[in-house]
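A.B. asks: I'll drop the sequence and a predicted model, then ask my questions.
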Amino acid sequence: MSSTQQWNPDTVAELRQCFDLLVDDGSLPGGVIAFGTRDGRPAFVASGVVAPECGDARPGPDTLYDAASLTKVLATWPLIGLTDAIGLDTPVRDLLADVPKQAPGGGVTVGQILAHTSGLRAETRLDQYRNRTESLAALICSEPLIAEPGAAHRYINRGFILLGLALTHVHGRRLDELATDLWQSLGMSCTTYGPVGRSAQVAPTEQRLPGGPRLWGIPHDDNATLLGGAAGHAGVFTTPADLATFGVRLLTEYVGRRDLGNWLRTSMEPKAEIEPGLHRGLAWILADGGRVAYHHGFTGTSLYLAPGTGRYLAICTNAVYHHQDNRTRLAPLRTLALKAITAA
């Protein structure tokens, strides 16, 4: 087994300083960074508060955050990789019986969806299907394609929604049940699909209407909410401690060439260029010449893995609490996190 590379204290101090600055300038109420190696105990850096609604409660390893699009790598991606009946070259129409044979999206493959090269319609907008009688899978697949499948990268939620529906159909069980069994087997005891009860241990997100209550314990993603909270693209709530557990398990199985580790190896083969220096594997973004895999969630979450050094880093925030432009405001921390995980 290859040795791990420990975290440099100066690097951790730099992350802490950047995190504190984001809290101090009002970019986010607070949050937690989890980091470590596959053969050590996780460490945590916390800053700020959970949210003003929670009083002076400080975030910690067990604070529950809306993971948003981290759902793709926490639920859908591992479940697809562990399902023998689903292959990368399988068209979605073979997994969903109610998709018409002539539907434009029916021929899109599982691998193309995972690589975000499906060519499916980019806007998620499931609300437009209210009062329609066709199945959701049929409606999504019947939309015209915006590009030839496999031709180019474009981040699309609809494909992961289809994969969530496909998992349910193949296993004959709800997606949240499948995911819960997976998380329990990995030791991620707090990770769950919403809704969850409001408490000081659950980070609220956005206030959609002036003077109204915030989203708190229900998914920030409207389309996940339309699907009852459990969808293939969003809807999961998780903690910094559980993300650390997930990171350790993936990195350990990567070295041991076990189930999820082999799936991570396959997923870290570049499938499409996002921009110079960044590629998409299967679900994950690949950086540092393919040596680092990471993914973000719109609410202000991130997870980074470096199998070669055995290191991981996770960011949990509710950055959308104050601002919808959290991607811009979180950019310095995310840039620093990527720099830290790739450092020699």
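C.D. replies: Yes, it's here.
A.B. asks: residues contacting the closest residue to D56 other than its chain neighbours?
C.D. replies: Take D56 and drop its neighbours on the chain: the residue closest to it by CB to CB, 6 or more residues apart in numbering is V49, 6.3 Å away. For the C-beta atoms, the positions are set from N, CA and C on the backbone; glycine is no exception. Residues near V49 by CB atoms under 8 Å, 6 or more residues apart in numbering: P29, G30, G55, D56, A57, R58, P59.
A.B. asks: how much space is there between V49 and A43?
C.D. replies: 20 Å (CB to CB, to the nearest Å).
A.B. asks: Look up which helix or strand the nearest residue to G235 once chain neighbours are set aside falls in, please.
C.D. replies: Spatially, and ignoring its direct neighbours in sequence, G235 is nearest to A224 (3.8 Å; CB to CB, 6+ apart). Remark: A224 resides in helix 222-226, with elements defined by DSSP states H and E.
A.B. asks: Please state the backbone phi and psi of the residue nearest the centre of the chain?
C.D. replies: With distances taken as CA atoms, centre = their mean, the residue of the chain nearest its centroid is L70 (1.0 Å). Phi and psi for L70, reported as degrees, to the nearest 10, are phi -60, psi -20.
A.B. asks: Name the nearest residue to it, ignoring sequence neighbours.
C.D. replies: In space, not counting the residues next to it along the chain, L70 is nearest to G297; the distance is 4.1 Å by CB to CB, 6+ apart.
A.B. asks: Give the bridge partners for that neighbour, please.
C.D. replies: Each beta-bridge partner of G297 is listed here: T301, as defined by DSSP bridges.
A.B. asks: from memory it sits against L74, does it?
C.D. replies: No. In this structure, G297 is not within contact of L74 by CB atoms under 8 Å, at 9.3 Å.
A.B. asks: any common contacting residues for those two?
C.D. replies: A67.
A.B. asks: OK, contacts around W7?
C.D. replies: Contacts were defined as CB under 8 Å, 6+ apart; by that measure W7 touches F35, G36, T37, A43, R311, A340.
A.B. asks: Select from those residues every entry located in helices.
C.D. replies: For these, membership in helices holds for A340, with DSSP state H as the criterion.
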